[in-house]
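1. Please find the sequence and the predicted model below.
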There are 2 protein chains.
Amino acid sequence: MTKVNEPSETEVVTVPGRRKFLNTAALAGLAGAGMSLGVTACKSESQSGAAKPAAGADAAPDYSKYEVHPGQLDEYYAFSSGGHSGEVRVYVLPSGRLLKRIPVFNIDCLTGWGITNESKQIMGTNPDGTLKYWTGDTHHVHPSYTDGTYDGRYLFVNDKIHGRIARVRLDTMECDQITELPNVQGFHGIFPDKRDPVDASINSSTRVFCGSEFHIPQPNDGRDLDDPKRYFCLLTCVDVKTMEPRWQCKVDGNMDLIATSYDGKLVCSNQYNSEGGAIFAEMMSVERDACVFLNVARIEAAIAAGKSFTIGDSKVPVVDGTRAANTDATTALTCYVPVPKNPHGVNISPDGKYYACSGKLSPTATLIAHEKVLHWFEGHIKDPRDAVVAEPEIGLGPLHSAFDNRGYCYTTLFLDSQIVKWNIEAAIKAFQGDKAAQVVVDRIDVHYQPGHGFTSMGETKEADGKFFISDNKFSKDRFLPVGPLHPENSQLIDISGEKMKLIHDTSVWSEPHDSIVVRRDIIKTRQIYSMDDFPNAVKSPKDCRVERNGKKVTVYLTSQAPAFGMTEFKVKRGDEVTLILTNHDKVEDLTHGFAIPKHNINFIVNPQETKSVTFKVDKPGVYWCYCTHFCHALHLEMRSRMLVEA
Amino acid sequence: MTKVNEPSETEVVTVPGRRKFLNTAALAGLAGAGMSLGVTACKSESQSGAAKPAAGADAAPDYSKYEVHPGQLDEYYAFSSGGHSGEVRVYVLPSGRLLKRIPVFNIDCLTGWGITNESKQIMGTNPDGTLKYWTGDTHHVHPSYTDGTYDGRYLFVNDKIHGRIARVRLDTMECDQITELPNVQGFHGIFPDKRDPVDASINSSTRVFCGSEFHIPQPNDGRDLDDPKRYFCLLTCVDVKTMEPRWQCKVDGNMDLIATSYDGKLVCSNQYNSEGGAIFAEMMSVERDACVFLNVARIEAAIAAGKSFTIGDSKVPVVDGTRAANTDATTALTCYVPVPKNPHGVNISPDGKYYACSGKLSPTATLIAHEKVLHWFEGHIKDPRDAVVAEPEIGLGPLHSAFDNRGYCYTTLFLDSQIVKWNIEAAIKAFQGDKAAQVVVDRIDVHYQPGHGFTSMGETKEADGKFFISDNKFSKDRFLPVGPLHPENSQLIDISGEKMKLIHDTSVWSEPHDSIVVRRDIIKTRQIYSMDDFPNAVKSPKDCRVERNGKKVTVYLTSQAPAFGMTEFKVKRGDEVTLILTNHDKVEDLTHGFAIPKHNINFIVNPQETKSVTFKVDKPGVYWCYCTHFCHALHLEMRSRMLVEA
């Protein structure tokens, strides 16, 4: 058992000057600075390196231009991970309205997620039928691609706590599958591929890549507890269709974010803790970490050739992508491109040419050329570091980058509480020695401490350069106080002009970790189910009945406003009751709910949908089941009695 | 087992003409009309009775007047029940921003509500320590009063599914107590009193009144299943301080909403199903239902005099408030004022003079004079119906009423999808025969099917007549589509002028059942806890340790950005671990999270807060516990290892 030194009181200290790389000794001060910025919410420091003053000094924009008046529709969907709420949210822009919470890893007693048999089967259960987990930490959401842009089929989202990946159908905006990855802890980054690296005819997502952050003993069965040098991480490739893992790749270091190339050839992840340390100080000892690139076609060829192993009970083939096993570039599965210490985030430009890796502890972004990484794999470049084509100084605490369609990159600066706009070609020229190149062209204050940032359609070849979302981790004084737990603040910035304009603050229940901004015409939803989608549907109100098989009882029920198909049904104390409810209403938006007092049951059925619940009845008496989802002028009268006989 | 007739397909039918009272035979058509309105979202019918055309015909308001730009603060808090999500929400107006979700009856894996020991104790557990319920249906939220207005102490909220009342502290905006009411099902309406009816020196809320909607056998232990005539409902009085039930009152009929008088003397509830029917048709047979008034002082005197009984295992004294037991007005505990069939909602005017009871199935609102009900209890009025001073025709499907400070009442019209503004004094004059009295002065379309509606401060003597919220049950075409489950629509209306102006649509995750609008200066929050609030606080990082008592292990841990007080801790397979975490950060908004992979644990600790969790460790291995609530530039590195030895 190890104790860290007792931390000193948090002090308000001055922001340290910009340095090329901050070394370990500077971290304590930096940490203090981050906190003090977090508190004071203002900065006296002049922004050296900024070509223009921060937007706060300018006249306020014409906000009315961005308003979405009553009856008007928004222009974009934003799919946002809900952090440790375990859910996914659907916002619309520019209004910032929240239209939907999609329960995924959490229990949601409104929809019945984690309560109905169908959702429990997706979430996963213990042998006794109880839910295995009802916590989750959704970090990254990414939709499926066709032809380099979103195709509206699926959204993939990770759970960092338990190492799970979920798939959300975008037509119904509901989760339809969850897979727990084997031998993975701290599953952080996730990204689908954009085309097949082997079969050129496949120009859509068929794989999802999942990075793991926490290195663990393999298998994690009690061995090597005190020997962190033997721990390692796996990157997992999951099949889009089956949602089963196809393969895993052992890598050095802890993986953070994931990016995939537009040609399908490479998947990469920025890494920290190259040292493989188990405690903070050990994780900070080297001067550089890496962005690791995986050669997908070579890995799959290696697996086809039997060059893989398995770990513990898992049957998933694993290849060795460590540095030590991949010294020959022409056969290597992986390429480790050195970048400054503890990078945070990696994003590919919409033209497919560059990966931007943010410095976090370095005030820089590292630009890596896709073509040069391919050259390294071909043996044309000796030093992976030569794939780096630019490394501009952009500000303190750079975390994530997004792109427009005009050659600019927008990077969140956590410590500076700013978004910095910089020019890609100018950064490359400056790296080549052009001292006249103007890299940073604008900065804007955000409120406060931005994490991820996203441009509209910016992760596709259809990047349109209209809006940028800054998902800020602190809101402090931006909203009326609501007690010790603050909302976070998702800020909308107009990036269509030369200067960025802050146009809207959207308060968000923690945590708006990721927010993918999708043009509205891409999303095509189903508004009503088909009864045939559900094999257990109660297809006619005439089929309403109670069937008994020993102590197991099945109740078949329908709903149609303002009544259920039976006004009462009888069961006996000690029964295990399965109740199947089909909503016969066909009208859009006409959802019903079904609650059973004292039995911890509530769920909804959307138009033409069927759901079921299974529960024990142990207490004799009358239980008024009622509709919980307002449906009709006589909603209050929409009830049925469950009579439990002694 | 009874089956209803197979319902016919929902048909689009014409809205029936306005009738004084709709009888049972008309209901099928009305139901159809409600549905068709629900679908078509437009009305061809001209609004007879409206003094002016609907606002839709007028020029759009100057929306920019109501905008809350980045960096500006809102004017009002809105506390909104979350319906069957089981939570309470905090919005701010006029922006409509959601600042907080307060978990109450649900499991929230972000905050750890339903996961920490402290929250499980509040929610209630089974003998084996598992949660008793994690579903709830919050209908009505009402803050505590002092001197006829909100005092910022508490918010009370009900759970309709399991018959529970919760108290939320308004300084921290967290639930601190939940009570399950005995012998109650379908707990619907809730309202605190405004002063003490006995002790004139007490001018603040000391009781909360809870109405029950579903009549059940008493006790509900398997008796009288098939004899609904023996079922009955109880109104429960709960003590604000202890949150224990003080007494209950047996009443005829099913109770819906609750209102309390400003003088503390009366509490009332609108009622349906006076027939005591168990099925829909039986509930519809009589022409009138009632608004029942309880004389609080008389009830408490009766209990003091021993004139009470108990039901089943409950020790709560019950008095008989049925019609049959209260025929003598001068000693009666209750007074049943007849109102049109199936009234929905009862609200008292800010001057304390009138109760407005909406007709629902009647196109009227019934205005009952507070003074006249007192006169009945004193024997000065023979017929309770004589307490009715007005019954204006206002539109189809009136549900709930709210008031401004200029003598106007605003009633939601579910079937008409409108808000109607009518004058109280004019309605009284018209009822007295004045044919020139202009009762209805304005109407405005809402989108669509409004349920509850609220004016700013309108449930206090400080009603200010500025804003009205219409919490609509359907949103249909108002927002971009998000699949079969639609958001609902909370619309903000400016009522400060002669004509109502629709100024903002706020999409809401189901269900914005109730939305109390409170002036911002009334709410005084605590932004940081005191470590002394928590008896189990780990007060110094030096106290971090693991203590073993047989198989029971206690882990004492602290957090201070960016580290936990121990980088690792060891336990053994089979242990029951209690982990206590105290957050030593003192900076506002600096919350940490704590997740344990594969153990279904996540919770947060706000600045200076302590929480604990208890769990079994059954699987040997390394489990990287990590901070889930973004706290610092080195948040990602904030981890601790739980080492489980075999």
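-> Here it is on my side, so go on. Residues are numbered from 1 along each chain as shown, chains lettered A, B, ... in the order given.
2. tally of neighbours for the nearest residue to residue A:136 once chain neighbours are set aside?
-> Nearest non-adjacent residue to residue A:136, counting by C-beta to C-beta, 6 or more residues apart in numbering or on different chains: residue A:105, 2.3 Å away. Where C-beta positions appear, they are placed from N, C-alpha and C, glycine not excepted. Look at residue A:105: counted by other C-beta atoms under 10 Å in any protein chain shown, it has 31 neighbours.
3. got the phi/psi numbers for residue A:105?
-> Dihedral pair for residue A:105: phi -100, psi 0, per degrees, to the nearest 10.
4. That one contacts residue A:163, doesn't it?
-> No: between residue A:105 and residue A:163 there is no contact under C-beta atoms under 8 Å: 11.2 Å.
5. Now do stretch A:295-310: distance to the chain's middle.
-> Offset of stretch A:295-310 from its chain centre (C-alpha atoms, centre = their mean, to the nearest Å): 28 Å.
6. I meant to write stretch A:633-646 there.
-> Centre to centre, stretch against its chain (C-alpha atoms, centre = their mean), the figure for stretch A:633-646 is 41 Å.
7. Stretch A:86-97 now?
-> Using C-alpha atoms, centre = their mean, the offset of stretch A:86-97 from its chain centre is 13 Å.
8. what about that stretch, start to end distance?
-> 20 Å (C-alpha to C-alpha, to the nearest Å).
9. Please apply the same query to stretch A:189-199.
-> Stretch A:189-199: ends 25 Å apart by C-alpha to C-alpha.
10. next one: stretch A:248-265
-> 16 Å.
11. Quickly check: that stretch near chain B or not.
-> Yes: using C-beta under 8 Å from any C-beta of the partner chain, stretch A:248-265 reaches chain B at residue A:256.
12. Over to stretch A:230-247?
-> Yes: using C-beta under 8 Å from any C-beta, we find that stretch A:230-247 touches chain B at residue A:231.
13. Restricting to C-alpha, output that stretch in PDB.
-> The C-alpha trace of stretch A:230-247 is given here as PDB (Å, rounded to 0.1, in the frame of the first residue of the first chain):
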ATOM      1  CA  ARG A 230       4.100  -7.200 -17.100                       C
ATOM      2  CA  TYR A 231       0.800  -5.400 -17.600                       C
ATOM      3  CA  PHE A 232      -0.200  -4.400 -21.100                       C
ATOM      4  CA  CYS A 233      -3.000  -3.000 -23.200                       C
ATOM      5  CA  LEU A 234      -5.000  -4.200 -26.200                       C
ATOM      6  CA  LEU A 235      -6.500  -2.400 -29.100                       C
ATOM      7  CA  THR A 236      -9.700  -4.300 -30.100                       C
ATOM      8  CA  CYS A 237     -11.300  -4.500 -33.600                       C
ATOM      9  CA  VAL A 238     -15.000  -5.100 -33.400                       C
ATOM     10  CA  ASP A 239     -17.200  -6.200 -36.300                       C
ATOM     11  CA  VAL A 240     -19.900  -3.600 -37.100                       C
ATOM     12  CA  LYS A 241     -22.500  -6.200 -38.000                       C
ATOM     13  CA  THR A 242     -22.100  -8.900 -35.400                       C
ATOM     14  CA  MET A 243     -20.600  -6.600 -32.700                       C
ATOM     15  CA  GLU A 244     -18.200  -9.400 -31.900                       C
ATOM     16  CA  PRO A 245     -14.400  -8.700 -31.500                       C
ATOM     17  CA  ARG A 246     -12.500  -9.800 -34.600                       C
ATOM     18  CA  TRP A 247      -9.000  -9.400 -33.200                       C
END
